[in-house]
Structure formats: C-alpha cells, structure tokens
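Q: Pasting the sequence and the predicted model now:
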Amino acid sequence: MVIDTLKCVGCSDCVVACQTENNVPIGYCRDWITETVNGAYPSIELELKSERCNHCDNAPCVRCCPTGASHQLDNGIVLVTADECIGCGACIESCPYDARYQHPDGYVDKCTFCHHRLEKGQLPACVSVCPTKCMYFGDLDDPNSEVSQLLKNRKHKTLAPEAGTKPQVYYLI
Amino acid sequence: MQEELFTSGRNIPNIDPSLQIWHWPISVYLFLGGLAAGLLFFAALITVLKKDKEYPAAVKFASIVSPIALTLGLLALFYDLTHKLYFWRLYTTIRIESPMSWGAWVLLIITPISFLWVFSYYTELFPKWKLKFNFLNTFEKFLQENRMNMAIALIPLSIILGIYTGILLSAFNARPLWNNAILGPLFLTSGLSTGAATIILLAKNAKERHLFSKIDLALIVIELGLIIHMLMGMYAGSEVQLEAMQLLVGGEFTLMFFGFVIILGLIVPAILELTELIGYKVPVAVPAILILIGGLVFRFVMVEAGQITRYLY
Amino acid sequence: MTTSRRKFIKISALGLGGVAATTSALNMFGANSYLDELVKQNVTKKFKRTPTYCEVCFWKCAAWTYTDEEGNIQKIIGNENDPHCYGRLCPRGTGGVGMYNDEDRLKTPLIRTTINGEETFREASWEEALDLIASKFSNIKEKYGPEAIALLKHGSPGKHLEHLFKAFGSDTIAEPAYAQCRGAREAGFALTYGSWVGSPEPTDIRDTKCLVLIGSHIGENMHNSQVQEMSDAIDNGATIITVDPRFSTAASKSKHWLAIKPATDIALMLAWMNVIIEEGLYDKEYVEKYTTGFNQLKDHVSTFTPEWAYGITTIKPEEIRKTARAMASASPSVIIHPGRHVSWYGDDTQRARSVAILNALLGSWGRRGGFYFKESIKVPKYPSPKYPHPKWDWKNIGEKYPVAQMGITSEVIKCSIPSEDNKYPVKAWMVAGTNITKSIPEKELLEKAMDELEFMVVMDTMPMDVTGYADVVLPECTYLERYDDIRSATNREPSIAVRVPAVKPKYDSKPGWWVAKQIGERLGLGDYFNYDDYEEVIEWQLQQMGTSLDEMNKIGVKNFSRTSGPLYLNENDAYHFPTASGKIELYSQELKNLGFDPLPNYIKHPEPPQGFYRLNYGRAPMHTFSRTANNPNLNDLKSENNLWVNPKVARILGLKTGQEVWLKNQDEITSNFPIKVRVTERVRWDSVYMVHGFGHTNKKLSRAFGKGINDTQLISKVAIDPIMGGTGMRGNFVSILTENPHKNTEL
C-alpha cells in the first residue's frame, strides 16, 4: 500500500469505512490517523498519515505466535485465524506499530487489507473510500503496477524501519 | 515545538496510551517458572552427581515446591489468555521461531516430570499417609529406579525452562527494553538464584545451607554482572534503547529497580551470605526471602516497564 | 423570579420505560458476534442496496445503503456516478450508519408538562401530539394570523414543512444557513455577477492552476467534491495560497501561507487589487468585455498599496506582491474561493464583494479552472392548489436589509419578542433540522424570544439541546428510513438523485413528509397533500422527467445534458450577466443607491483587550457541526473539541496539553463545561481555536453531554451586516480560566 501524505487531510474516512466494512467494535480501530506538527509559528510543517498494520515482510507477530494463528499468505498479507488464536497477547507485544488489539470476543484482530474484498477484485475499504484518493493499493512485486511506479518516482518512507520489520506500507513525502 | 497526536480519537483499551496487555499473571508466571527451573535443575544435578543423600533438601523437600510453582504458573498463564477455550491450539503445532511455543511444549513435558519426581519420594516425604492402591506403590518403586533417567532429562529441560522466559521477552524487537540477548541468561541466572534461595530456606542441615549459600553468592555476582552488562549495552544503543534505560535508571521504575531488585534483592543478600560464610550468625531466612522478593519484583519491573518502551509516538 | 415557560428541561429522567429502547449491549459496539463469525469465516453475505442521498450535511452526496438479510444497515457507500462524491463518501456519510443505530434517538413524541412543580416532558402518542399542534396553530391563526407562526429549518425535513407552512398561509420562513452562514457571500456575488455562488460552489478546482483560500479550510471542512478536486489540483501541481491566521490543513498543503492578522482580509485583497491593476496583471480583454466600473475601482485602490496593507495585516509587502503575481500568472484558471461560512465581522458582504471583484479582474468567472456556469434540472412540482398570499412574510421582517434574498433568522427571532414597534409579531415557531441553540448566537436574546412564544414545536431525530425548549417534540426518522424530495443540485451537469428508505423507521419515529401531511390534514389543507405515500409523489415527478422509480432504484443518480448553454464563456459570443447593467459590476451602483460603499473599504474591527483572545471556531472533517456529536461511529473519532492555544500563551498562563480550562467572554458569560487545552504552534498568539458543535447540555445525549465547550454560548456579541442582516460572530474575545468557576454555584 502506498499513501500520499501530501494529499491526506486526516479526515478519518478510512477509519469509519473500515469499521462499517469489517464490523470493528466501537472503541477499537484497525487503522488510525496521526498528526505530526513541527516548527514554530509561522514556519510550520504538518504531516497527516493513515496508519494500520504494515503487513511486514519480516513480521515479528507471525514469528512469535505459538499456535500459528498469525500467519502470512503468499501475497504478503498477514492474517489471524481467530479459531486458532489463544489470546496470549505475544503478537501485540511484538508489533512496533501497535497495530493489533484484543477483540472483545477474545481473539486478536487487526487490519486484513480487506482480503475478502481483494478476492472479489475490489480494493480495501479504506482505499476505495478515501475522498482525497491519496491511497493506492497493488502488487509491489510487479514493476508496472501503479504502486511500484509511485515508489519509483516519488520520495517515500516507511514507519520505524529501524525495527527491522520491513513494513509494506509506504508513505510518499 | 513538536506535536504528535492521534487525530482519529484512537483509544484502544490496553493499548493506548501505553501497552498494558501483560499484567501480573505474566510476571508471576515468569517468577514461578524461573523458580521451578532452578529447583529442578539443582535437584537433577545433585542426583546426577550422586550426592542426593548428602543434600536431601535439594532433591526432596525443595522439589515439592516445583510442581506447585509450575501449576500456579500455568494457572496464571491460563488466566491471562483472552481466548481461553482455544488454549489447546498451543499443542497442535510446534513453531520453532516462537519462544512461546517452546515454552508451552517444555511446560507440557516438565510439569508431569516434576510431579513424578516428587511422587518418587512420596514414602520418604509423607510417611504417615500410606498409599491406598498397590499399583501406586509399584509405580513409586518404578520411578525410584528411573530417577537417574529423570534427572538426566531434567537438566536440559530445566535450563530451557529457565532461559526461555528471557528469550521470550528478548524476541520482541518492538519493545526496546526487552530486545537484547542478555535477557535469556539473566533470567536463567535469576531463576537458579531463586531456586537456590528456596533450597536454603528449606534446608535442614548446615552443610547443605552452606553449599547453596556459596552457589547463590556466585549466582548473584553473575547476575549483577549481567545486569550491568545489560544497562551498559542499552546506554550505548540506539535512542529507543536509551529511553528504555532511562525508565530504569532515572525514571518511574528507578526506586523499584534499584531499591528492591538490586539493593534489597541482590546486594544485601550477598553481603548477608558473605558474612554468614565468614562466620557470623545471620538468620538464614532473611537473605533467602530477600532474594525471592527481589526476583519477583525484577520480573514485575521488566514486564511493566518493557510495555511502556516503544519505537513510535 | 418568575418561572419562564421556556425553561430548558434538563432532567433526563422521563420514564421512557414505555417505549423501551431494545438496545442490546452489542448494538453499542455497532456489531454483533454473529456477523463477526461470518467475517472470520470470510463468508460473502448477500446485501441489498438501496439508493439514497446523504443528509448528514448539506452536500447531499448520493449513496447506496447496504442492508443485510436481517434488515440491519451494514454500510453506506457513495454512488460512482454522482458528481457530488464520485463514489467516495466523506467520514460523516460513511458514519451515517451510526445515525441509524444511535440508541439515544428520539423515540416517541414528547409534550411539555409540569409534574410536581417541575417542568418535564411526557411521552405522548402521535395522535395527541399532532392534534395539539394543529389546534394551537389554528388558535394562533385566529388570534394573530397564520403569518405569526415561523418556520426555522434546514435540509430535507424543512422542505416538507415549508410546503405545509405556505399552504397554511405563512411565509415567515428562515434558515440559519443564510444569515448565520453563507448569506453574505450570496449577497456580495449577486451584487457583482447577478447570481448567487450557490451550493455546491461552482468552483472548477480540478482544472485550476491557483487556488486562493481566504479563511476557507478545505480538508477540515469536508465539502466532498471540493476536497476531492483539491486533491486533483495538488496532483496537477496547482499553487495553493491560503490566507488564515491559523495553520489549517489546507495551509499545510499551500505553497504560500499568509498568516494574516484576524479581521484584516479586506485590506489584503485591496492591496492585491492594487498590485494586479498597477502592474497590469489583470485580464484586460475580459475586463474590457464583461465588466463595468473598472476606472472607479482603479482609482479606489490606488492608495491601497502592499506597504499600507503590511501595517494592517502584518503580511510583508513582498509576500503580497509575490502572491498577487502568482495568482495573475495562473489567470484565468485561478479561483479566489468565496468561502462558505462568511459571517465574521459584519462587513462580510463587502468582503465577498472584494472576492468577487478579484475574480473578475483575473477573469475567472465563467472560465475553465475558475468558476463554471452551473446548471440544475427543474423537478416538476407535484400538483397542489395555489398557496394563499400572506399579509407579511420574511421579506417584510427583513425590510431593513433590502439586499437580503432569504429570511433572516435573527430578525425573525427579534420579531418574536413583543414590543411596541414590532410590526410583525411572531407568536410560534416550528424548528426542524437545525439545532438553533448551537447555530444562533446571542443566547440571551434567543432564550428571551423562546420564552415569549406561545407555542414551539421541534422536529428532530436526536434529543438535541433545542428540544429542551419545545412544547412538543416530534421524533423524525433518519434519512435512511424515509422518502424525501428528489435532489436536483447545481453542478457542471444537471443530475438528480433519489432517497429511498432502506429500512423501516425505528422506534415510533416518522418521516417529515408524513408529519407535514398529518398536520396539514388536521388544518383542513388535505388538498395540498393529495397522496398517501410520498413514494407516489416521487414516482410522478420521475415519470415527468422521463425516468421512473424502478430505473432510479437501479442507478441511484441520473445525469442529464446541459440545456442552458456552455459550461464556460465562449470567446466569440457576448454574454449577458443577470445584473442591472448586464455586465459584471465592479462598481456597485445598487449599493451606492442604498447608501453603502459601492467599492469595498477596509474597516478596523475591535481587537482583543489585554488578557483576552479572539475566539475562532471551525470544522472537523469527521463531524457536521453539532449534528453528529452523539453518533457512535463519529463520536469514536472525536468525542470533544480542544482549545488550541499558542505555546507563548500557554507559557504565560501555565497551561499544558490535556489540561481542563473554562472560558469567560467579554460579556462575562462563562462556559458551562471545561475544555481540554491543546498547546500547538498552529494557532496565532492572539486567538484561540476550537471546533464548533460540542458542549451539549442535554443529558439524553449520552455520548455528547458535557464534552467540550459550545462556542456559540460564548458568542454574545454579533456584528450585524447592514447590507443583508447577517450576524458576524468572530468578534468575541475570551479569557482562559484554569479554576472551575462553577464550583460554588448550582449549574
């Protein structure tokens, strides 16, 4: 996923859309908006980002799961099989992005890149609802995809790369 | 000035403003697990070295504590799970990259063995309560014959039990306070030290007490060394590690860490044990209990403080 | 102390046991575990989709409501073919499910009564409530005439009641959206171009090369298609210039952010005009061909140099010149955005005139990348008898403001207070779709007016603060549960959208059209409501337009081709603007005739005294004013507002982020509740900022009660725009109190 911070206005539509699409209980969220302000009036910089699970290539949450409930698909998406989750909380401890949470029903939940929509050829709910169209989703392994082209042409960054997790959500800056 | 905030009102229970997923059950389990590991290690070692007659407390009396500690620890762990009905999933697979998986399996094996170990001493420990069934008596004899095998199995198992609690935490690269390789050996040493302390408490003869005091002293010194090593490592590490160290050395956990863990839990017992070895009379229970409390507080501090340290925000 | 009849009923213990809300705890989470199971197992559910258009705000984006087999609303997704949203709803629209699920909704009609000396509401049946309303209305009609009943409204419910009122013989109708919001800019642009800006604004943002925002905070206001088009403009490399004392989100995406001193925008614009004219950067052909009054304008602005403006606005002369040149180089694809809520300081019509004049100088009106000529399609009116002619109406009430082209709410309120020289006595109100205690400033005046009324009816979906003052409260169902008029808004191309109920009304709530019809029939106006279900009206109208409800159910939005002419000005043709002269009037003879400045002038406005800070307010993209504060999904995103305070001020007063403070304004009015401070560099040191729409006083709003401050409560001083009667609200100054001022007093 590639998100253009220059266009994001922090409206939180992605948060509500995810909630209604995935029945996320109120009080919990699978994605969220962060605001970073730097500088002093009137030389100020503002960055708005929509964050979620980064579906890391070197996912510590998959590594530390004792039952294998936390697993990674071939396309890189990290999922949790609720029936196999024992609720030990190790994956929550291991995520540097605090992307996971304990669902009130007991298992651990997080962003799934709406893979139930991907199977039908649709985009994740957050990407399809964003009014500024600042979110892009696609195959990073395909050099001709929109997301690969964006990364080639624009400056970008990931969150906490020093944590060694190889996150797959890129922010254009 | 710099501001970092959540615009979308994120306030997930137990995650914001700082992680609070693991509470006292985990700290208690880590302590009890380490304790049981230490006790079983010494029991097994003494048996293998064929000195079990000389040190009865180590092999007999103190080893009663192991199964109790393990059971309580397991109950604490089970209590901490939020999806309890599915706990059996732990045993449908073994995942090598997950220290928690090793721990689950090791516990599965070592807990029954610890029970069996105690059971093998049943007649010596509880002479008054005769066993009702004959097959139990034969079973006990069987165990006594195989005690050496059990001991040989127990040595690696108890070491794994002691060290995996540390490796479990150090494998979380998202929590800078935990993410250093020293934690494994540190927890193992702490576990052995608490085990030795328990043996001292329950020892009946002076010879045993002295031996284990000496062992304990050595372990305390090693532990202090490892802690210093850990702090130095964090001090020379990246910014997040520095912040983690600040929590222990200059922050909200300083009193608990330095006060209870280092001074009361390690240095004072070491001095007391030293004085006793030199010849002065010191009530035995005092250093032992201090070590036990220190061990427990150490784990509390590590679990609580570790969850506060983070990479982002 | 006399007991006021309009005493605000604060007690929430109403014994609503009769119609107990069957809300399970799971509903509060907006989910239920059956659905969770299905998501877990990735079972694709069958959804039914119903077309609708959103009523959470006034943008009216067309959408599809997805309901599952059990009749629960799962989600609301935008209609791809809709020019208001292009398939992407904003967070309020997506969170519309929360409006439906909110268990704090009004459930039954309520009638004011006195129990044990305490005023409270009792539940009543629709029969009783409607009978009471009809009888009171007839009563007042007999005594004072039907004109004495006023309708204060907004949105779709207002439309149905407007029909009822006009049939009844009253055109005493006003909406806060005019005098408290965009009225001044409509007046300013009407005086210049002969037509309103309208809604949605015909700004061609997606093709513009330069977008100039005067205080407009696109991105924090969620005017859907504008936010989308601004994003397109950013992709195309357009220059954005933001003029705002606060570092808004739009300012963060701007090439130039002019951190202007509040209340000095007209000076800046006059200086821009000076630079553009003096340096010959204006669109000479356009001005020559389409405008009048250029020479007077040129003379007028000759003294308003950037150096002069620097002293007033604190913006450096170089910046003023640089930005003027940037705008001019983009001409004609440049937009000086007219804004939306423009009732700031009382000279707002003149400021709107400045914006209009600047646009005309740069030749953007009627040009690609500037303003297009909007068009809508007329929806035929369902046959009903002619309306009677009232003796006096909103025009009479607003006669002091001849330029006003809609009812002025504040004047209607004044007419509700009996006095010797009150020519147009208003005796009763019906309020629908607007929470006037949050939208109308000068609370004291408002409460006095409500106190004097003989009767007040409020129709709303939620127990908003305004319901506490009513004699009768009617529970309306949400937009997801009812039919409403066909939406036909102005755009690049005409389009229509339908609203079809996706689910049955919850509890005992009813649609607005039904309420209007029921009251109408009781008043003997059955002929005006010649249908049983509003579906018949919609079907008839759609047939007249060449389509049908069947077709609309499948497509949701139907686009039509333009018939009024091209989207932009054609170079070769003449164009007749609907003004008196037929041209764009840079110099306004009309204003001169009425005794006002024909060309805008800068007037100094009061500044905050020592120890006070200007109270600035704005929007948040996840809320629509006060309407959504209690919506469970949206409350989850933002449950209260924060007070933005500059770090310099925070240092002086010893404030920290998260600290609770109270505000007291220049008229000694203190806020009911505290607000949490946010120390941020984004706000100027002479002002504080908060998002509007919080600080609810009705305990029945379980999530919104007591959270944050109601800025309207602190707006006790208004500056009336003499041209169209708008109420300028940004001239209030507050001091920050760190100790609870209500500790010793009963609230």
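A: Structure's in. What do you need?

Q: average pLDDT across the one helix or strand B:Tyr29 maps to?
A: For B:Tyr29, the host element (DSSP states H and E) is helix B:24-48. Here helix B:24-48 scores 92 as its mean pLDDT.

Q: If you count contacts, what does it end up packed against?
A: Here helix B:24-48 touches helix B:62-80, helix B:99-120, helix B:147-170, helix B:183-202, helix B:285-308, going by 3 or more Cβ pairs under 8 Å, 6 or more residues apart in numbering or on different chains; DSSP states H and E. Where you see a C-beta, it was placed from the backbone N, CA and C, and this is true even at glycine.

Q: how about 6 Å then?
A: On a contact count with 3 or more Cβ pairs under 6 Å, 6 or more residues apart in numbering or on different chains; DSSP states H and E, helix B:24-48 meets helix B:62-80, helix B:147-170, helix B:183-202, helix B:285-308.

Q: Just name the most buried of these.
A: helix B:183-202 (a mean of 27; mean count of other Cβ atoms under 10 Å in any protein chain shown).

Q: Can you show me the CA trace of that helix as CSV?
A: Taking Å, rounded to 0.1, in the frame of the first residue of the first chain, the C-alpha atoms of helix B:183-202 are listed here in CSV:
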residue,chain,number,x,y,z
LEU,B,183,17.8,-11.3,28.9
GLY,B,184,17.8,-15.0,28.4
PRO,B,185,20.9,-15.8,30.5
LEU,B,186,19.8,-13.1,33.0
PHE,B,187,16.5,-14.8,33.6
LEU,B,188,18.1,-18.1,33.9
THR,B,189,20.6,-16.9,36.5
SER,B,190,17.8,-15.2,38.4
GLY,B,191,15.8,-18.4,38.3
LEU,B,192,18.7,-20.5,39.5
SER,B,193,19.3,-18.0,42.2
THR,B,194,15.8,-18.1,43.5
GLY,B,195,15.9,-21.8,43.3
ALA,B,196,19.0,-21.9,45.4
ALA,B,197,17.4,-19.5,47.9
THR,B,198,14.4,-21.7,48.3
ILE,B,199,16.7,-24.7,49.0
ILE,B,200,18.5,-22.6,51.6
LEU,B,201,15.1,-21.9,53.3
LEU,B,202,14.1,-25.5,53.4
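
Q: Contacts for that helix next, please.
A: If you take Cβ atoms under 6 Å, 6 or more residues apart in numbering or on different chains as the criterion, helix B:183-202 is touched by B:34-35, B:37-39, B:42, B:57-58, B:61-62, B:65, B:162-163, B:165-167, B:169-170, B:209, B:212, B:215-216, B:219, B:222-223, B:226, B:288, B:291-292, B:295.

Q: what do you get if the cut-off is 7 Å, keeping everything else the same?
A: For helix B:183-202, contacts defined as Cβ atoms under 7 Å, 6 or more residues apart in numbering or on different chains pick out B:34-35, B:37-39, B:41-42, B:57-58, B:61-62, B:65, B:159, B:162-163, B:165-167, B:169-170, B:209, B:212-213, B:215-216, B:219-220, B:222-223, B:226-227, B:230, B:284-285, B:288, B:291-292, B:295, B:298.

Q: Quickly find the element holding B:Asn137.
A: Going by DSSP H and E, B:Asn137 is part of helix B:134-145.

Q: swap that for C:Ala352, sorry
A: Judged by DSSP H and E, C:Ala352 forms part of helix C:348-361.

Q: pLDDT (mean, whole number) over the helix or strand just after that helix?
A: In the C-terminal direction, the helix or strand that comes right after helix C:348-361 (DSSP H and E) is helix C:394-397. Averaging pLDDT along helix C:394-397 gives 93.

Q: Now helix C:394-397: buried residues?
A: By neighbour count with 16 or more other Cβ atoms under 10 Å in any protein chain shown, helix C:394-397 contains the buried residues C:394, C:396-397.

Q: do the same with stretch C:350-365
A: For stretch C:350-365, by 16+ other Cβ under 10 Å, it's C:350-365.

Q: Now for those: which two are most distant?
A: For those, the farthest-apart pair by Cβ to Cβ is C:Gln350 and C:Gly363; their separation is 21.9 Å.

Q: So which residue is smack in the middle of the chain?
A: You didn't pick a chain, so chain A it is. Per Cα atoms, centre = their mean, the C-alpha nearest to the average position across chain A is that of A:Arg52, at 3.0 Å.

Q: wrong chain, I was asking about chain C
A: Most central in chain C (Cα atoms, centre = their mean) works out to C:Ala177, at 4.9 Å.

Q: what's the closest residue to chain B within the stretch 351-500 of chain C in contact with, if anything?
A: Closest contact between the stretch 351-500 of chain C and chain B, by Cβ to the nearest Cβ, is at C:Met462 (19.8 Å). Neighbouring residues of C:Met462 by Cβ under 7 Å, 6+ apart: C:102, C:104-106, C:630, C:701.

Q: A:Ala82 contacts A:Tyr107, correct?
A: Yes - with contact defined as Cβ atoms under 7 Å, A:Ala82 reaches A:Tyr107; the gap is 4.1 Å.

Q: intersection of neighbour lists for those two?
A: With Cβ under 7 Å, 6+ apart, A:Ala82 and A:Tyr107 have no common neighbours.

Q: Report the spatially closest residue to A:Cys126, excluding sequence-adjacent ones.
A: Leaving out its chain neighbours, the residue that sits closest to A:Cys126 by Cβ to Cβ, 6 or more residues apart in numbering or on different chains is A:Cys14, at 3.5 Å.

Q: The helix or strand hosting the one you found - contacts with which helices or strands?
A: A:Cys14 is located in helix A:13-22, with elements delineated by DSSP H and E. Using 3 or more Cβ pairs under 7 Å, 6 or more residues apart in numbering or on different chains; DSSP states H and E, the elements in contact with helix A:13-22 are helix A:125-129, strand C:73-78, helix C:91-94, helix C:632-637.

Q: how far out from the middle of the chain is whichever helix or strand comes after it?
A: Of the helices and strands lying after helix A:13-22 in sequence (DSSP H and E), the nearest is strand A:32-40. On the basis of Cα atoms, centre = their mean, to the nearest Å, strand A:32-40 sits 18 Å off its chain's mean C-alpha point.

Q: Give the rounded mean pLDDT of whatever helix or strand comes next after strand A:32-40.
A: On the C-terminal side of strand A:32-40, the closest following helix or strand by DSSP H and E is strand A:43-51. Averaged over strand A:43-51, pLDDT sits at 95.

Q: For chain B, what's the nearest residue on chain C?
A: Taking Cβ to the nearest Cβ, chain C has C:Leu637 as its residue nearest chain B, at 4.6 Å.

Q: Hmm, that residue is touching A:Ser12, no?
A: Yes - C:Leu637 lies in contact with A:Ser12 (Cβ under 7 Å); the separation is 4.9 Å.

Q: what residues do these two have in common as contacts?
A: With Cβ under 7 Å, 6+ apart, C:Leu637 and A:Ser12 have common neighbours B:8, C:91, C:622.

Q: does the last one count as helix, strand or coil?
A: Put simply, C:Met622 is coil when judged by DSSP: H, G, I helix; E, B strand; the rest coil.

Q: ok, back up a step: as a markdown table, the helices and strands packed on helix B:24-48 with mean pLDDT would be great.
A: Shown next, in a markdown table, are the helices and strands packed on helix B:24-48 (pLDDT from 0 to 100):
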| stretch | mean pLDDT |
| --- | --- |
| helix B:62-80 | 90 |
| helix B:147-170 | 90 |
| helix B:183-202 | 91 |
| helix B:285-308 | 90 |
